[in-house]
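have a look; sequence and predicted model below, questions after that.
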Amino acid sequence: GLDAFTKFLKTEFSEENIEFWIACEDYKKSKTTNELFPKAKAIYETFIRKDAPKEVNLDFKTKEVTSQNIEQPVITTFDAAQNTVHRLMEQDSYPRFLRSDLYLNLVKGRIPGRPTLRRRSRSFTVNDFQGVRPDYTIWQ
């Protein structure tokens, strides 16, 4: 689902939203404060600062609060910005995704551009080889 939604956002030239959201989720998994600063700086430089390469659409107040928060980053540094982007996707992009051919084909079990896969025959399992002794003479 996430992969399909990301592909959909790329068709709308707004994949930076999901990339930012994922980066924030990864940021929150940081285990030490030493991890926070470089991650916070990278997220800020990539998604928040003015003219960032993947700048997300944030209101002035949220952008200002986030900019101030990265001076002393904590786990919640990007919460306001992440919530804003989540709400934007939830109210705008996601409803369009649910109506898109990409999603409808996914729900129907079809992937556009890929042939239908045939079911493979049963593979061998460990149980199939119980009691069989290896023949090492073939390696000599």
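Cool, the structure landed.

pLDDT score assigned to the residue lying closest to residue 78 once chain neighbours are set aside?
Leaving out its chain neighbours, the residue that sits closest to residue 78 by CB to CB, 6 or more residues apart in numbering is residue 24, at 4.7 Å. In this view, the C-beta of every residue, glycine as well, is placed from N, C-alpha and C. pLDDT, residue 24: 97.

number of nearby residues for residue 71?
Residues within reach of residue 71, counting by other CB atoms under 10 Å, total 9.

follow-up on the earlier one: what helix or strand is the residue nearest to residue 78 on?
Assessed by DSSP states H and E, residue 24 sits inside helix 16-28.

distance from the chain centre to that helix, please.
7 Å (CA atoms, centre = their mean, to the nearest Å).

what does stretch 29-39 give?
Using CA atoms, centre = their mean, the offset of stretch 29-39 from its chain centre is 19 Å.

and that stretch, what's buried?
Within stretch 29-39, the residues scored as buried using 16 or more other CB atoms under 10 Å are 30, 36, 39.

just to revisit the earlier point, just list what the helix holding residue 24 packs against, helices and strands only.
Here helix 16-28 touches helix 2-11, helix 33-43, helix 79-88, going by 3 or more CB pairs under 8 Å, 6 or more residues apart in numbering; DSSP states H and E.

hey, which of the ones you listed is tucked in deepest?
helix 79-88 (a mean of 18; mean count of other CB atoms under 10 Å).

quick one: it to helix 33-43, angle?
With axes from the mean of the first three to the mean of the last three CA atoms, to 10 degrees defining the directions, helix 79-88 sits at 50 degrees from helix 33-43.

give the contact list for residue 103.
4, 8, 97 (CB atoms under 8 Å, 6 or more residues apart in numbering).

if we can go back for a sec, distance to residue 72 added to the helices and strands packed on helix 16-28, as JSON lines?
As requested, the helices and strands packed on helix 16-28 are exported to JSON lines (distance: least, CB to CB, whole Å):
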{"stretch": "helix 2-11", "distance to residue 72": "31"}
{"stretch": "helix 33-43", "distance to residue 72": "9"}
{"stretch": "helix 79-88", "distance to residue 72": "15"}
